[in-house]
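Asks: I'll drop the sequence and a predicted model, then ask my questions.
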Amino acid sequence: MRRRIGGLLPLLLSLAACGSAQKVDYTVLEQAHAGPLEFSVQADGELRAVTATPLLVPGQQWTPRQLSWMLPDGSHVTKGELVARFSATQSKQDLAQARIDLERNLIARAGKQGELADKRGQLDVDMIQVDGQLAIAHRYAHATLAAIARNDILDAVQDAAYLGVRRQILEWREQQSSARGEAELAVLDAQHNTYDMVAKQKQADLDALELRAPHDGVLVLERDWSEQLPHVGSSLWAGNSFASLPDLDALEVQLAVPQIEAQGIAVGDAVELHPWGRPDQQVSAKLHWLAAAAQPRDRESPVKYLLMKARVPAEAVRRYGWAPGQRFVGNILLLKTPHGMSVPNLALGGDGDAATVRVLSGGDEVVRKLKLGARGATRTQVLDGLHEGDRILLATGGTGAGA
């Protein structure tokens, strides 16, 4: 009997467990409630000037420079004050080479002139000899038979013809030598002009190694393509932007917001701004510019940011002593109302062009069409379609296992 009861006990326990199993609903709800409503997006940015006087690296375009001294970023400068000093090792070497080329050119020209003078002198000697011989030949060629023999007269006539041809050849050689000499001297003169121009350019580069402020202002250094500020030892190129002197009466903050959080931001939205670490210097402004599309800020990160700008009051700039280049924090207000209603974004559905939400009414699930307003990162304003106390369905779970 005990063995039979022991064998039936597990079976009875299993049946009891099946009988107690029941359906369980893990429904997640939120009750609609109207009250103060505020949507905002946090952003960071930099204070920049709307207009500024550019300060370029001095020297001829694309001449290499090395920064040897500079004023700190944000320094207040006066007209004519030294802002930066540069060195140009390459320009010194180029100037020395140009001067050497000039000396070589002068030596080559003097040598060519001496060579041409020697040739011209030799041709003059040959011409004198030919003219003398030709005069003697002409004298004997026209002599009578009584004076000299006939054969001597014929020889003199032949000598006169030969000497005449030789004189023509000497004249042609003189003309050719003169023309060729002038051409060679012209080439040397052109080379001299080129070397002289290079020497003057390099000297001008060495005379332009100081950068001074054209007017009073605050020095704002320019970042390069890698977002690096110039520093002592930096290699720069003449003609590139080094810094600027901004107009302190026209400043704006450029903000960057991750694309996923930028939904609903529009021109005209209010924004509260203050420098990093100084919430006591907060001012109110409005967005006046919004980029057409989001772009990545870092080559190593795929995250895209939407850029936007807001002008700051000139009175606040003077009162707090702000300067371009300062980092700012912005709180962009998408919505702020004392009485409103909202739903979580994860509760929203779609029915064509209309937004919908599921609510529980008397234990049944009902789909409501909504008229929406401002959309925030996690919640959206509801203008119509939702009532006080409605139980909004956020998510549903499954059921328990039955036997």
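Replies: Great, that's in hand.
Asks: rest of the way, CA atoms for contacts and neighbours
Replies: Fine.
Asks: ok, residue 186 to residue 105 distance?
Replies: Between residue 186 and residue 105 the computed distance is 12 Å (C-alpha to C-alpha, to the nearest Å).
Asks: who's more crowded, those two?
Replies: residue 105 (19 against 13; other C-alpha atoms under 10 Å).
Asks: Next up, the contacts around that one.
Replies: Taking C-alpha atoms under 8 Å, 6 or more residues apart in numbering as the contact definition, residue 105 lies against 188, 191-192.
Asks: What residues sit buried inside stretch 256-276?
Replies: 256-259, 261-263, 265-266, 269-275 (16 or more other C-alpha atoms under 10 Å).
Asks: Can you list the residue ranges for strands in the stretch 101-250 of the chain?
Replies: Taking DSSP state E, counting those that start in this stretch as the criterion, the stretch 101-250 of the chain carries its strands at 210-212, 217-218, 220-221, 235-237, 241-246.
Asks: wait, I meant the stretch 301-403 of the chain
Replies: Counting by DSSP E, counting those that start in this stretch, the strands of the stretch 301-403 of the chain are 304-311, 327-344, 348-351, 354-361, 364-375, 379-384, 391-395.
Asks: Burial-wise, tell me which of those strands comes out on top.
Replies: strand 304-311 (a mean of 21; mean count of other C-alpha atoms under 10 Å).
Asks: List of residues touching that strand?
Replies: Contact partners of strand 304-311, identified using C-alpha under 8 Å, 6+ apart, comprise 250-259, 262, 271, 285-291, 293-297.
Asks: Just the buried ones from the residues you listed, in ChimeraX syntax?
Replies: With 16+ other C-alpha under 10 Å as the criterion, this ChimeraX line picks the buried residues out of the contacts of strand 304-311:
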select :250,251,252,253,254,255,256,257,258,259,262,271,285,286,287,290,294,295
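Asks: picking that back up, quick one: least confident of the contacts of residue 105?
Replies: Looking at the contacts of residue 105, model confidence by pLDDT dips furthest at residue 188: 86.
Asks: Count the residues that sit near that residue.
Replies: What residue 188 shows, counting by other C-alpha under 10 Å, is a neighbour count of 17.
Asks: how far away is it from residue 323?
Replies: 57 Å.
Asks: dump the residue contacts of the closest residue to residue 49 other than its chain neighbours.
Replies: In space, and not counting its chain neighbours, residue 49 is closest to residue 251: 4.4 Å by C-alpha to C-alpha, 6 or more residues apart in numbering. Residue 251 is in contact with 47-50, 311-314, 324, counting by C-alpha under 8 Å, 6+ apart.
Asks: any idea how far residue 251 is from residue 171?
Replies: For residue 251 relative to residue 171 (C-alpha to C-alpha), the value is 81 Å.
Asks: hmm, back to that, closest to residue 350 among the contacts of residue 105?
Replies: Relative to residue 350, the closest of these is residue 191; by C-alpha to C-alpha it sits at 79.8 Å.
Asks: which residue packs closest to that closest one, ignoring adjacent ones?
Replies: That would be residue 105: by C-alpha to C-alpha, 6+ apart, it lies 7.3 Å from residue 191.
Asks: Would you check how far apart residue 290 and residue 307 are?
Replies: Distance from residue 290 to residue 307, by C-alpha to C-alpha: 6 Å.
Asks: I figured residue 60 was touching residue 240, is that so?
Replies: No: contact criterion C-alpha atoms under 8 Å: residue 60 and residue 240 do not qualify, at 10.5 Å.
Asks: partners of the nearest residue to residue 209 once chain neighbours are set aside in the sheet?
Replies: Distances taken as C-alpha to C-alpha, 6+ apart put residue 86 closest to residue 209, at 4.9 Å, once the chain neighbours are dropped. Counting by DSSP bridges, residue 86 is bridged to residue 67.
Asks: what are the ranges of the helices in the stretch 101-250 of the chain?
Replies: Under the criterion DSSP state H, counting those that start in this stretch, the stretch 101-250 of the chain contains helices at 150-207.
Asks: which residues touch residue 39?
Replies: 333-336, 375-376.
Asks: and the residues you listed as a markdown table, adding pLDDT and distance to residue 165?
Replies: Shown next, in a markdown table, are the contacts of residue 39 (pLDDT from 0 to 100; distance: C-alpha to C-alpha, whole Å):
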| residue | pLDDT | distance to residue 165 |
| --- | --- | --- |
| 333 | 92 | 105 |
| 334 | 88 | 106 |
| 335 | 88 | 109 |
| 336 | 87 | 112 |
| 375 | 84 | 107 |
| 376 | 81 | 107 |
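Asks: Can you give the domain ranges for this protein?
Replies: 29-40+339-393, 43-49+247-327, 53-86+218-242, 90-208 (the TED database).
Asks: wouldn't residue 380 be in contact with residue 357 here?
Replies: No: checked against C-alpha under 8 Å, the pair residue 380 and residue 357 is beyond contact range at 11.7 Å.
Asks: quick one: the residue nearest the centre of the chain from residue 303, how far?
Replies: In the chain, the residue lying closest to the centroid (C-alpha atoms, centre = their mean) is residue 225, at 5.0 Å. Residue 225 is 19 Å from residue 303, where distance means C-alpha to C-alpha.
Asks: For the closest residue to residue 360 other than its chain neighbours, give the beta-bridge partners.
Replies: Closest residue in space to residue 360, ignoring its immediate chain neighbours: residue 391 at 5.6 Å, by C-alpha to C-alpha, 6+ apart. On the basis of DSSP bridges, residue 391 is bridged to residue 31, residue 360.
Asks: among the contacts of strand 304-311, which are in strands?
Replies: Secondary structure from DSSP state E places 251-258, 271, 285-290, 295-296 of the contacts of strand 304-311 in strands.
Asks: Out of the buried residues of stretch 256-276, which comes closest to residue 90?
Replies: Nearest to residue 90 out of those is residue 256 (C-alpha to C-alpha; 41.1 Å).
Asks: distance of the nearest residue to the closest one once chain neighbours are set aside from residue 207?
Replies: Closest residue to residue 256 apart from its sequence neighbours, by C-alpha to C-alpha, 6+ apart: residue 307 at 4.7 Å. According to C-alpha to C-alpha, residue 307 stands 42 Å off from residue 207.
Asks: Could you do residue 242 as well?
Replies: Counting by C-alpha to C-alpha - residue 242 and residue 207 are separated by 18 Å.
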